[in-house]
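Engineer: what follows is a predicted structure for the sequence shown.
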Protein chains: 2
Amino acid sequence: MNQQISDKYQVAFQPYGITVEANCGENLLELARRAGVGITASCGGDGVCGTCKVKIIKGEVESPPSLQLCNDEISSGFRLACRCRVMSDLIVEVPPESRAPVSEGHLRSLVTSEETLAATNWRFSPPVFKLLVELPQPSLKDNSSDLTRIERELESHGIQNARLNIILLKKIAASLRGGNWRVTLTVLKEPGGLRLTDIEPGDTRSHMYGLAFDIGTTGVRGEVLDLTEGRVLAQGVEYNGQRSYGDDVISRIAYAGKPGGLETLQRAVVTTLNKLINEMTGRAGIDGSDIAHVTVAANTTMVHLLLGLDPKHLRLAPYVPTAADLPALPSGDIGLLVGAGVPLYVVPSVASYIGGDIVSGLVGTGIFQRQETVLYIDIGTNGETVVGNSEWMVSASCSAGPAFEGGGIRHGMLATSGAIETFKIGTRSGGPVVTAIGGEKPRGICGAGLISIVAGLFTAGVIDQRGKFQPEVSERVRPGTDGYEYLVVEAHETGTGKDIVLTEVDIDNLIRAKAAMYAGYQTLLASVDMTFEQLDKVVIAGTFGSHLDIEDAVTVGLLPDICRDRFVFVGNGSLLGARLCSFSTDLVEAGKLVAKLVTNIELSENASFMDNYIASMFLPHTDAALFPGVTRQAMPSNKGSR
Amino acid sequence: MNQQISDKYQVAFQPYGITVEANCGENLLELARRAGVGITASCGGDGVCGTCKVKIIKGEVESPPSLQLCNDEISSGFRLACRCRVMSDLIVEVPPESRAPVSEGHLRSLVTSEETLAATNWRFSPPVFKLLVELPQPSLKDNSSDLTRIERELESHGIQNARLNIILLKKIAASLRGGNWRVTLTVLKEPGGLRLTDIEPGDTRSHMYGLAFDIGTTGVRGEVLDLTEGRVLAQGVEYNGQRSYGDDVISRIAYAGKPGGLETLQRAVVTTLNKLINEMTGRAGIDGSDIAHVTVAANTTMVHLLLGLDPKHLRLAPYVPTAADLPALPSGDIGLLVGAGVPLYVVPSVASYIGGDIVSGLVGTGIFQRQETVLYIDIGTNGETVVGNSEWMVSASCSAGPAFEGGGIRHGMLATSGAIETFKIGTRSGGPVVTAIGGEKPRGICGAGLISIVAGLFTAGVIDQRGKFQPEVSERVRPGTDGYEYLVVEAHETGTGKDIVLTEVDIDNLIRAKAAMYAGYQTLLASVDMTFEQLDKVVIAGTFGSHLDIEDAVTVGLLPDICRDRFVFVGNGSLLGARLCSFSTDLVEAGKLVAKLVTNIELSENASFMDNYIASMFLPHTDAALFPGVTRQAMPSNKGSR
């Protein structure tokens, strides 16, 4: 061994003109990364794919023989960067075909402006990569099987045990002949090794796309990703088709227990996903058959229903899921409209009520990498909260109901174009001023809008602390089919041609939802002996995106009344995490660690949760001292008794 | 290391009273096997299953710590035999639960009397074994997922990477709770390691059955096997449902090329298999859900059609199959009426026209273990021939057509009850004397019967060398719809109430079939510069079983005219091999080696094959010198011109 660990060498990367100091024996690919030099390494640096070829112009490296390099290349000085150890000062040329299209700057652009927190220090290294191979044509002298021919080639790349399935087997013969024995193999990186997942005729390496999904109880959000260049090509949102069978996870679990119920629910969500896939691939201008990987982040119930696993035990103590951390399964097993063998990866969950959506959010936002103590709140039909940092995390969850997604609200809708997102009582007119997403005519009320309206009406004294209308305060309050209702937008100003109203039932649904959320994090913090004041940050994930106004949320008692600059919105943290896990196996690994790090407390077993919940059923709270910053107009001037 | 290789010790096994000499360091389980002491080792001696517990009464062994033994057991002297090395004289007690129900004598009984050759020196060690585990019940303190609980247990048995599929996942929750956390896991031994294939509530270890199939182009034969005790519980035979779509592999391949053809053919053979499964499990008195493993031996075309793989390239030069050696696939992938996750193992093939049925025969009969040079002939719709020994093997195949299975014969049938198997012209009456299988009234003619009838009529001069009737020789020859026909059995003596006849077309089909076979082995032997006389044995496998009469077969020119004591009938070698592969992974491994050992020559590319074929289209052959032993009656006395 001629290792001299203490020695330092100078390594220059051409044509970049970047020189960096290296330790003796340091890995050349890692060094390039450290120096900010982008070198492609499709397989993640395992010596399998041969894409990280570099030319050693001057100096000495240690590298084992590689089947990825032909003799001509070796004698010309080409080596695989991932297999080289620096043994002297070096001049290294990165040839054009090895230059990575994804720079660190580009990686940062993978996070939208709305996503204000994101994981750092990860490599662009998707869970799948493609390998172009040219197989020797069969002859009467060597008419061994197609599969044998492929296996020989895989072995030369160090891939043993192709772990075949029937779907792949059926594609082999036509692909080999269609590509004239030049085919592209798609390979999945798994904990147990590498697995062949697809074979396509010809060179399809430039077409490698992924799908990322956040499957919520009410809404499903998806993205089409370019896994070659690291870009988001299209996004989409749809109501979860399971909504017809119950508003929340409890009612879905109940429905799944009926004869054929589980199959119906599975079909419903798969139909929603397939609709999104069609829409999004159409908009992205790509072919669904070029999808090579699917990542799903979802709560544990949604995962069970997606896979057709009986969710019954999720709601019975001790709340045990069938599986929390799953290997990638073939998409064909659940009927997704992508190649049947395409790996479907589900972000691991913590417990029955803290799912992969939360783990995905903790990973995507990089909270698992931070030393500061954060309260992570995912506001949705199922409300989940996690407190902790890179060292420890404790979670809790509660059922908030679908109000935040516009569910159970007379004119509720998802936060898409035409949804009312802000509401104010005009200071002069005394009438409402609303804005809708996309600047369009209002068509309904999204979660953020609902909170804004209730906050505005409460502040103006139109509703009282219990959420009941004070008809004498506003002439827009009128009797309706569900008791009193407030006329938010008149028919002639809406996109639907009908009045948009807010009913007392709507307000009641919101109060229950926000009470569950608030009681959830109140109880969680108490369980770790912390107060809101001790938190470094409150990170708000969930479906509100940028639409939620913090003041409104504090006014209704959804968020705690603390210094506003500690609040951070991260948009859909779950989808962010699913996207980033599609781009980097580093974050897939992080997800597994986070799922193990989090300790869950069951609120249903916690005596103080129900007390906290009941105390939260007021606007903003029974205990006004908790919300010193929330002020309310004195009883306003009488605008007539209507 | 205290190894003293030269030392010898005495090891006594109780309660058997068997004492055997052991080398220092020798493995105790292997020693017991050598001594004829049956010790259960479900996992084959890998230290996984814990079934080979023995008690060391006296003496010293070396054994690593094992999670399969509790502390009480260890302090009482219990050890796993498979992990023990003999370090002194020993007295070893085999407790009742570890005593193997399968002794070597019993193993020999696994081969039927009809199967006169069989592989030796193999361990009873089926590809699957069952493991009873008791999992800690979940609580609020440990409500980790069902799967995590199973994985922890598997890890304690050294099984990493359970390689789950959705079918198994769906069974987990109900099985754990149904068995009150005591479940039986079924584990498959694969080249890449161990794989979990099933989970069942409670202790089902005594119910572990397998299926073995020989899927022929015309007939499908199956067996239900007890994989715990090593017994054949039931056998069955059915026509292959694909028969409606073509008589031979060529016409099936052509049919598969039509729209929907491949799916139709797959469905047809799966329906046949399912019918056999129903029948056979019913007769065996077992539940289909207790089937834990399926072995299939079949020609390459049948394998492709069974798995739904396009067989097109099998008949186009250079005759490349999609796959020759496959990992076990889930039975559910093709719709077998067994648990969807039950492994379906296909015996590997050599080439497009030398399939797993031949490899299975070479393994099952033990030809791969022999030094003597053998000609192995599988007579069926596809006729295959192999010549060689344990060192080398060369194969060839030809299409004989379905005549040997009763196909394309007016009154042809499979060799089941009621099939005419022997035929003689009565020396006194001059009339035919026939016997039918099972001593029943004749219902038709099987392949052996067909050969017997043609041989008898040829010897008696009723048909000439070209297979044409001589109506003047026998009054039983009469004009029929296909030219002349011979009345074999009159209606009042048959089981069908109708005449059984033999037509000239039937004879012609037989002549073509036997000519293809004979030309096949003639060409094969020439290719290795051998003559029939140089063969130590001619092993006849195939569907005839014990029914074929050698003299008859030589008379028609199906078998060469050599010393009769070199012929050995082995019955259905393919099914024998499939059965033995179900009983022993040693033979599964042997199959892989044999498939690689055999070199195939393509007769369709061989100029002399067609010459040999045309020369064989006579009874027994154009070249009478090849069949000196075949004598023919002088033109018999005229029985009237009819």
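Structural biologist: Happy to help now that I have it. Note that this is a predicted model, so its numbers are computed, not measured.
Engineer: could you report the neighbour count for the residue in the stretch 451-600 of chain A that chain B sits nearest to?
Structural biologist: Going by C-beta to the nearest C-beta, chain B is nearest to A:N600 of the stretch 451-600 of chain A, at 8.3 Å. All C-beta atoms are positioned from the backbone trio N, CA, C, and that covers glycine. A count of nearby residues for A:N600, using other C-beta atoms under 10 Å in any protein chain shown, gives 22.
Engineer: burial count for the closest residue to it other than its chain neighbours?
Structural biologist: Once flanking residues are discounted, A:N600 sits nearest to A:A351: 4.1 Å by C-beta to C-beta, 6 or more residues apart in numbering or on different chains. A:A351 has 26 neighbours, counted by other C-beta under 10 Å.
Engineer: phi, psi of A:A351?
Structural biologist: Per-residue torsions, A:A351: phi -160, psi -180 (degrees, to the nearest 10).
Engineer: can you tell me how far the residue of the stretch 451-600 of chain A closest to chain B is from A:T300?
Structural biologist: According to C-beta to C-beta, to the nearest Å, A:N600 stands 11 Å off from A:T300.
Engineer: just A:V501 next, same as before
Structural biologist: In terms of C-beta to C-beta, A:V501 sits 36 Å off from A:T300.
Engineer: number of residues surrounding A:K468?
Structural biologist: Neighbour number of A:K468 under other C-beta under 10 Å is 13.
Engineer: equivalent analysis for A:N27, please.
Structural biologist: Neighbour tally, A:N27, other C-beta under 10 Å: 18.
Engineer: now the stretch of helix or strand A:G577 belongs to: how far from the chain's centre is it?
Structural biologist: Element membership for A:G577, per DSSP states H and E: helix A:573-583. Relative to the chain's own centre, helix A:573-583 is displaced by 4 Å; criterion: C-alpha atoms, centre = their mean, to the nearest Å.
Engineer: export that helix to PDB, keeping only CA atoms.
Structural biologist: Below are the C-alpha coordinates for helix A:573-583, written out as PDB (Å, rounded to 0.1, in the frame of the first residue of the first chain):
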ATOM      1  CA  GLY A 573     -43.900  19.900   2.000                       C
ATOM      2  CA  SER A 574     -45.100  16.400   1.200                       C
ATOM      3  CA  LEU A 575     -44.900  16.900  -2.500                       C
ATOM      4  CA  LEU A 576     -41.600  18.700  -2.200                       C
ATOM      5  CA  GLY A 577     -40.200  15.700  -0.400                       C
ATOM      6  CA  ALA A 578     -41.600  13.300  -3.000                       C
ATOM      7  CA  ARG A 579     -40.000  15.300  -5.700                       C
ATOM      8  CA  LEU A 580     -36.600  15.500  -4.000                       C
ATOM      9  CA  CYS A 581     -36.700  11.800  -3.200                       C
ATOM     10  CA  SER A 582     -37.200  11.200  -7.000                       C
ATOM     11  CA  PHE A 583     -34.100  13.300  -7.600                       C
END
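Engineer: for it, give the mean pLDDT please.
Structural biologist: Confidence for helix A:573-583, expressed as mean pLDDT, is 95.
Engineer: ok so, going back, can you pull up the bridge partners for the residue of the stretch 451-600 of chain A closest to chain B?
Structural biologist: A:S395 (DSSP bridges).
Engineer: my read is that it contacts A:I354, right?
Structural biologist: Yes: contact between A:N600 and A:I354 holds when scored by C-beta atoms under 8 Å: they sit 5.0 Å apart.
Engineer: tell me, what's touching the two both at once?
Structural biologist: Counting by C-beta atoms under 8 Å, 6 or more residues apart in numbering or on different chains, the common neighbours of A:N600 and A:I354 are A:S395, A:A396, A:S397.
Engineer: identify the residues contacting A:I540.
Structural biologist: A:I377, A:I379, A:L548, A:L559, A:F567, A:V568, A:F569, A:V570.
Engineer: does A:L502 belong to a helix, a strand or coil?
Structural biologist: strand (DSSP: H, G, I helix; E, B strand; the rest coil).
Engineer: nearest residue to it other than its sequence neighbours?
Structural biologist: Nearest in space to A:L502, with sequence neighbours left out and distances taken as C-beta to C-beta, 6+ apart, is A:Y486 at 4.6 Å.
Engineer: for burial, what's the neighbour tally of the one you found?
Structural biologist: 25.
Engineer: one more: A:V86?
Structural biologist: 24.
Engineer: could you give me the buried positions within the helix or strand where A:L185 lies?
Structural biologist: A:L185 belongs to strand A:182-190 when assigned by DSSP H and E. Within strand A:182-190, the residues scored as buried using 16 or more other C-beta atoms under 10 Å in any protein chain shown are A:V183, A:T184, A:L185, A:T186, A:V187, A:L188, A:K189, A:E190.
Engineer: residues contacting the fifth one?
Structural biologist: If you count contacts by C-beta under 8 Å, 6+ apart, A:V187 has them with A:C43, A:V48, A:V128, A:F129, A:K130, A:L131, A:I159, A:L194, A:R195, A:L196, A:T197.
Engineer: let's go with 7 Å and repeat that
Structural biologist: A:V128, A:F129, A:L131, A:I159, A:L194, A:R195, A:L196, A:T197 (C-beta atoms under 7 Å, 6 or more residues apart in numbering or on different chains).
Engineer: beta-bridge partners for the fifth one, please?
Structural biologist: The bridge-partner assignment for A:L194, based on DSSP bridges, gives A:K189.
Engineer: can I assume A:V249 is in contact with A:I215?
Structural biologist: No: distance between A:V249 and A:I215: 11.7 Å, which falls outside the contact criterion (C-beta atoms under 7 Å).
Engineer: so between the two, which is more surrounded?
Structural biologist: More neighbours surround A:I215 than the other of A:V249 and A:I215, with 29 against 26 (other C-beta under 10 Å).
Engineer: tell me the bridge partners for the more buried one.
Structural biologist: Under the criterion used (DSSP bridges), A:I215 bridges to A:V220, A:A298.
Engineer: now do the same contact list for it.
Structural biologist: A:N240, A:V269, A:V296, A:A298, A:M302, A:L306.
Engineer: still on that earlier bit, comparing A:V501 and A:T300, which shows the higher neighbour count?
Structural biologist: A:T300 (29 against 22).
Engineer: can you tell if stretch A:270-290 touches chain B?
Structural biologist: No: Stretch A:270-290 does not reach chain B (C-beta under 7 Å from any C-beta of the partner chain); its nearest approach is 13.0 Å.
Engineer: brain fart, stretch A:310-330
Structural biologist: Yes: Stretch A:310-330 lies within reach of chain B by C-beta under 7 Å from any C-beta, at A:D310, A:H313, A:A317, A:P318, A:Y319, A:V320, A:P321, A:T322, A:A323, A:A324, A:P327, A:L329.
Engineer: and the gap between A:Y345 and A:L329?
Structural biologist: 8 Å.
Engineer: the two: who's more crowded?
Structural biologist: A:Y345 (26 against 19).
Engineer: where does the more buried one land in three-state SS?
Structural biologist: Per three-state DSSP, A:Y345 ends up strand.
Engineer: beta partners for it?
Structural biologist: Under the criterion used (DSSP bridges), A:Y345 bridges to A:T295.
Engineer: list the contacts for it?
Structural biologist: A:P127, A:V294, A:T295, A:A328.
Engineer: how near is it to A:V303?
Structural biologist: The value you get for A:Y345 to A:V303, if C-beta to C-beta is used, is 11 Å.
Engineer: which stretches in the stretch 151-300 of chain A count as helices?
Structural biologist: Counting by DSSP state H, counting those that start in this stretch, the stretch 151-300 of chain A has these helices, from start to end: A:166-178, A:249-256, A:261-284, A:300-307.
Engineer: can you count the residues close to A:Y16?
Structural biologist: So A:Y16, with other C-beta under 10 Å, has 16 neighbours.
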